[in-house]
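Peer 1: predicted coordinates and the sequence they were generated for:
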Amino acid sequence: MGLVRFLLAAAVVINHTGPLYGLVMTDAYMAIKVFFIISGFYMALILTEKYNGPGQTRLFYSNRFLRLFPLYWTVLLLSLGLSLVFRFGLHTALLLGPWQLWLDKLTPATAAVLAAANLTIVGQDLLFFSHITDAGSLTLSADALYRATPAWFFLLIPQAWTISLELVFYALAPWLVRQKTGLLATLAGASFGLRAMVYLADLPFDPWKQRFFPVECGFFLLGILAYRLYAALKPVPIPRTTLWQVSGLYVAAIVGYQFLPGFMGKELYLYAATVLSIPFLFRLTKKMTLDRTIGELSYPIYITHWTVIMVVEYAWGRAHLPVAALAATILVSLALNRFVADPIERFRQRRVLLRR
């Protein structure tokens with residue numbers, strides 16, 4: 001499924017720069033939800049087939065930490081360093097503008113909370129439900145994003161709010177994957193029911209309909225259900241041509257989503273197609289080294305793209321920004337994988353082998 005993860009990460013980049021020669025693929029809003037479904041599938045897979053012995057839950061948590069945080073902290077330091085260079089060398093704000101304007105006005109508690117969110121990722125999603133008052137304090141509000149100074153402005157890697165939601169899911173995942181399918185389906189239904197209530201309540205689309213964990217967790221649960229389907233199909237012989245056909249149609253649906261005819265439930269179609277296609281896609285690609293390598297670029301692409309876009313836009317302007325920013329993000333991601341993620345990944349896998 002590496003190619004799909006790569007395409008979804010690229011779709012997020014393109015949605016933040018503008019169409020790539022007319023190509024948008026899927027909306028970033030939907031790409032993130034498909035990521036959540038895939039995450040649910042992978043967590044169910046590894047907790048069932050890899051971290052399934054005594055003491056393995058603690059190993060799961062520590063390996064998730066090693067998967068996410070070293071790379072995040074590296075990008076955070078790079079973003080901070082570049083911002084300081086822009087501030088003092090080029091006399092322009094890159095990512096530190098809000099800090100520069102508000103640092104002497106923020107209360108100590110607010111400054112500490114904002115700094116902790118940047119450092120730990122935890123709670124970054126909640127900052128989209130908060131704003132800074134004139135007195136420099138942090139306040140929750142239903143329409144925080146439409147206030148003068150939303151709290152998320154102080155995030156150096158603002159897209160990491162999705163990782164904050166992932167962390168909540170990871171905390172629950174070892175318990176969730178042990179539950180019966182009926183309970184998982186009920187919980188997913190409750191999440192989507194709450195989502196419908198949020199729509200009916202006429203709350204602001206952003207953040208209530210895309211950053212609120214109770215209405216997002218249903219997508220993670222769909223991923224666990226997709227794994228159950230994969231496990232059920234394991235004994236069933238499926239021709240390789242069928243695997244290629246299903247996978248090809250699904251990839252085409254992601255790349256060409258913008259060209260699909262507009263119809264009621266088009267978004268739901270993509271989510272349903274994801275749940276039904278993942279078992280076939282994973283079965284086809286699970287031993288493909290190249291596909292796995294391509295997929296490993298998705299996290300660094302996602303976590304670096306905001307900073308890279310800012311730098312590329314400053315250096316070259318808006319002309320050809322989509323292709324320049326995407327190419328630069330891929331190059332940076334290759335370097336990060338080579339020097340940061342790959343050595344840590346080898347260490348993570350050794351830890352698993354030693355505990356078996």
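Peer 2: Received the coordinates, thanks. These numbers were taken from a predicted model, which means no experiment stands behind them.

Peer 1: so which residues of the stretch 1-150 of the chain form strands?
Peer 2: Using DSSP state E, counting those that start in this stretch, the strands of the stretch 1-150 of the chain run over 130-132, 138-140.

Peer 1: among these, which is nearest Ser277?
Peer 2: strand 130-132 (37.3 Å; CB to CB). From N, CA and C alone the C-beta is placed, and that goes for glycine too.

Peer 1: ok so, going back, columns mean neighbour count, mean pLDDT and distance to Ala325 on top of the strands of the stretch 1-150 of the chain, output as JSON lines?
Peer 2: Formatted as JSON lines, the strands of the stretch 1-150 of the chain follow (neighbours: other CB atoms under 10 Å; pLDDT from 0 to 100; distance: least, CB to CB, whole Å):
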{"stretch": "strand 130-132", "mean neighbour count": "23", "mean pLDDT": "96", "distance to Ala325": "29"}
{"stretch": "strand 138-140", "mean neighbour count": "15", "mean pLDDT": "95", "distance to Ala325": "31"}
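
Peer 1: out of these, which gets nearest to Val311?
Peer 2: Closest of these to Val311 is strand 130-132, at 26.1 Å (criterion: CB to CB).

Peer 1: other SSEs contacting that closest one?
Peer 2: The contact analysis (3 or more CB pairs under 8 Å, 6 or more residues apart in numbering; DSSP states H and E) places strand 130-132 against strand 138-140.

Peer 1: as a whole number, average confidence for the next helix-or-strand element following the strand it packs on?
Peer 2: Heading C-terminal from strand 138-140, the first helix or strand you meet, by DSSP states H and E, is helix 161-176. Helix 161-176 carries an average pLDDT of 98.

Peer 1: buried residues in helix 161-176?
Peer 2: Neighbour counts over helix 161-176 (16 or more other CB atoms under 10 Å) mark 161-170, 173-174, 176 as buried.

Peer 1: and if you look at stretch 36-54?
Peer 2: For stretch 36-54, by 16+ other CB under 10 Å, it's 36-47, 51.

Peer 1: low-confidence ranges in the protein?
Peer 2: Within the chain, the segments meeting pLDDT under 70 span 263-264, 356.

Peer 1: rerun at 80
Peer 2: Residues of the chain that meet the criterion pLDDT under 80 lie in 262-265, 355-356.

Peer 1: out of the buried residues of helix 161-176, who's nearest Arg338?
Peer 2: Using CB to CB, the buried residues of helix 161-176 come closest to Arg338 at Ile163, 21.6 Å.

Peer 1: my guess is that closest one meets Tyr72, correct?
Peer 2: Yes. Counting by CB atoms under 8 Å, Ile163 touches Tyr72, with 7.1 Å between them.

Peer 1: can you work out which residues contact both of these two?
Peer 2: Counting by CB atoms under 8 Å, 6 or more residues apart in numbering, the contacts common to Ile163 and Tyr72 are 121, 303.

Peer 1: count the neighbours of the residue lying closest to Gly40 once chain neighbours are set aside for me.
Peer 2: Using CB to CB, 6 or more residues apart in numbering and skipping the chain neighbours, the partner closest in space to Gly40 is Gly223 (2.1 Å). Gly223 has 27 neighbours, counted by other CB atoms under 10 Å.
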